[in-house]
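Student: make a model of this:
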Amino acid sequence: MRDFHPLLSNRLKSLQDLSTAGLNDIESDSGDRLKRNSKTRPTVDLSSRHRHWVSGMLLGIWAVLVWGLSSCGVSPVDAEDRLFVPLSVEVLDEFVLPFDTEFEGTKVGGLSAIAYDRANDSFYALPDDRGDINPPRLYTLKISVNQKSKANLGVESLDSLDNNSTTENTKGLETPTGEITSVDIEQLVTLKDENGQPFEAGTIDPEGLVLTPRGTAMISSEGDSSKAINPFIGEFDLGSGELISTLPMPERYLPKADPENPKEIIEGVRNNFGFESLTTEAQGASRSPVEPFRIFTAVESALAQDVDDELPESQRHRKVRWLHYSLGTGRPFLISEHLYELDENPEGSIVQGLTEILALDTGGRFLSLERSFGEETGFGIKLYEVALGAATDTAAYDTLRGDLEGVVAPARKRLLLDLETTGLDLDNLEGMTIGPRLPDGSYSLILVSDNNFQAIQKNQFLLLKLGGYKLS
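Tutor: The predicted structure follows:
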């Protein structure tokens, strides 16, 4: 909340005390409208203590903005701008790991997620391998970034807030940027189940990855609805690769087939559209291993019960659910759930999905990566900035079908970069992490592609500059 305009922040504390009573009226009103559109009575997965925390935050923000707009002369456009961090991005370099790369007898490819270990200046990469090629596993990587002049880059880039900044070791270079000079595989960790045994082939579909403050890794698995294998989000030991525990999964996410047509999923995650993304707000924070932290994840595309067949095909799968968990010394629990709206399917594409989210700070700001694909158009990749703070909690909604305007406020987003405008030959970019600092002091953003272990695709690493970002 320290990011709000100073004039508005002074009123925040007193307004928060009034927000809880107001929430009861809002929840009652929303509940009445919901019951008219839902077959069953909604249930909420929040404890009362954390419902109070979330409601206080959301209603406090709403009240502060309303007061600020009326008493400080702040225009609605200015208020919209304050939801977001003034970021800019520019593409610096591309690196392609050869298709025939192997490490300790395993095929290196299908890299669906990447995470940066800032303390050790190393990366973790997660192959999307269900065990069909090699046992499910995790790699550690060393990605070397050197100085490079933008004049030698060869692709167009966006203006950056940090274009004029320099450090002692970059003086004399014209617009210093960076380039990836090498990607080296350093270590392999085989993922194991709760019994310490490597996962059997097909029982895990690893997609999302994030490192936690307690020195572990959270990994999301999409599951396989065609084989009645549920999705899950697990915490793994980074040394042994063993599964420690899993996060509680709401029933509405577990695939349920139509009794009269077992091949049709009528509720829950649809096949290959599960939990691709995973992030934590604690990426840059230095905190005790026992201090609570948050985990965020989202499904790639709409749950079966949220697919709206009344809409045109390009809009039917846009309503994505975004989950917010709390982890600490006790049992992890779900704090809230929110609606994230995908772009419409671009013309010529056959699929559109949310492949990654990345927390920017502790104030509900994120990056999101949306990917589309068409046989003629190829891959389309867009990078967005997302503000979650004013989004409605949708945990009580059995379905998100229909017109939700005025009832459900989705996460807000704004486009940072359409990568199709860079002139690069884009691949299936699915992973994203904030990496080391660049020569000019700004932070890097690393994207990685899942080549599906296909020779016609590529293990693509993109180096971007994230201007205006400050690690919290």
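Student: in the chain, which residue is most central in space?
Tutor: Nearest residue to the geometric centre of the chain (CA atoms, centre = their mean): I357, 1.4 Å.
Student: you'd agree it is in a strand?
Tutor: Yes. Assessed with DSSP: H, G, I helix; E, B strand; the rest coil, I357 lies in a strand.
Student: wait, it sits on E300?
Tutor: No. Counting by CB atoms under 8 Å, I357 sits too far from E300 to count as a contact (10.8 Å). For every residue, glycine as well, the C-beta is placed using N, CA and C.
Student: my guess is S336 contacts A395. True?
Tutor: Yes. Under the criterion of CB under 8 Å, S336 makes contact with A395 at 6.2 Å.
Student: who has more neighbours out of those two?
Tutor: Each of S336 and A395 has its neighbours counted (other CB atoms under 10 Å); S336 has more, 25 against 21.
Student: any idea what the more buried one is bridged to?
Tutor: Following DSSP bridges, S336 is listed with bridge partners H324.
Student: now do the one 4 residues further on
Tutor: When bridges are called by DSSP bridges, Y340 pairs up with V320.
Student: that one: neighbouring residues, count only.
Tutor: Around Y340 there are 25 residues (other CB under 10 Å).
Student: wait, isn't it in contact with V408?
Tutor: No. Counting by CB under 8 Å, Y340 stays clear of V408, with 11.3 Å between them.
Student: list the residues that contact L358.
Tutor: 279, 366-369, 432-434 (CB atoms under 8 Å, 6 or more residues apart in numbering).
Student: excluding chain neighbours, what is closest to it?
Tutor: Of all residues not flanking L358 in the chain, L367 sits nearest, at 4.4 Å (CB to CB, 6 or more residues apart in numbering).
Student: so which strand or helix has the one you found?
Tutor: strand 365-374 (DSSP states H and E).
Student: just the C-alphas of that strand, formatted as PDB.
Tutor: Provided in PDB are the C-alpha atoms of strand 365-374 (Å, rounded to 0.1, in the frame of the first residue of the first chain):
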ATOM      1  CA  ARG A 365       1.400  -6.500  -9.400                       C
ATOM      2  CA  PHE A 366       2.500  -9.200 -11.900                       C
ATOM      3  CA  LEU A 367       3.700  -9.900 -15.400                       C
ATOM      4  CA  SER A 368       1.700 -12.400 -17.500                       C
ATOM      5  CA  LEU A 369       2.600 -14.200 -20.600                       C
ATOM      6  CA  GLU A 370      -0.100 -15.100 -23.100                       C
ATOM      7  CA  ARG A 371       0.600 -17.500 -26.000                       C
ATOM      8  CA  SER A 372      -1.400 -18.200 -29.100                       C
ATOM      9  CA  PHE A 373      -0.700 -20.700 -31.900                       C
ATOM     10  CA  GLY A 374      -2.000 -21.300 -35.400                       C
END
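Student: neighbouring strands - and their directions - for it?
Tutor: Next to strand 365-374 in the sheet, as set by DSSP bridges, lie strand 351-359 (antiparallel), strand 378-387 (antiparallel).
Student: most tightly surrounded among these?
Tutor: strand 351-359 (a mean of 24; mean count of other CB atoms under 10 Å).
Student: got the CA coordinates for that one in CSV?
Tutor: Output of strand 351-359 as CSV, limited to C-alpha atoms (Å, rounded to 0.1, in the frame of the first residue of the first chain):
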residue,chain,number,x,y,z
VAL,A,351,-5.4,-22.0,-29.2
GLN,A,352,-4.8,-19.1,-26.8
GLY,A,353,-3.6,-19.5,-23.2
LEU,A,354,-1.9,-18.1,-20.1
THR,A,355,1.5,-19.8,-19.9
GLU,A,356,3.2,-17.9,-17.1
ILE,A,357,2.7,-15.3,-14.3
LEU,A,358,5.5,-13.5,-12.4
ALA,A,359,5.1,-11.5,-9.2
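Student: give me the distance from it to the chain's centre.
Tutor: Centroid separation for strand 351-359 versus its chain: 6 Å, with CA atoms, centre = their mean, to the nearest Å.
Student: before we move on, the earlier item: common neighbours of I357 and E300, please.
Tutor: S277.
Student: who are the contact partners of the nearest residue to S122 once chain neighbours are set aside?
Tutor: Spatial nearest neighbour of S122, excluding adjacent residues (CB to CB, 6+ apart): T140 at 5.4 Å. By CB under 8 Å, 6+ apart, the contact set of T140 is 117, 122-125, 185-189.
Student: out of the residues you listed, grab the one that's most surrounded.
Tutor: A125 (26 neighbours).
Student: can you give the strand pairings for the helix or strand where that residue lies, parallel or anti for each?
Tutor: According to DSSP H and E, A125 maps onto strand 122-127. Using DSSP bridges, the strands paired with strand 122-127 are strand 111-117 (antiparallel), strand 137-146 (antiparallel).
Student: who's the residue nearest to L358 bridged to?
Tutor: L358, E385.
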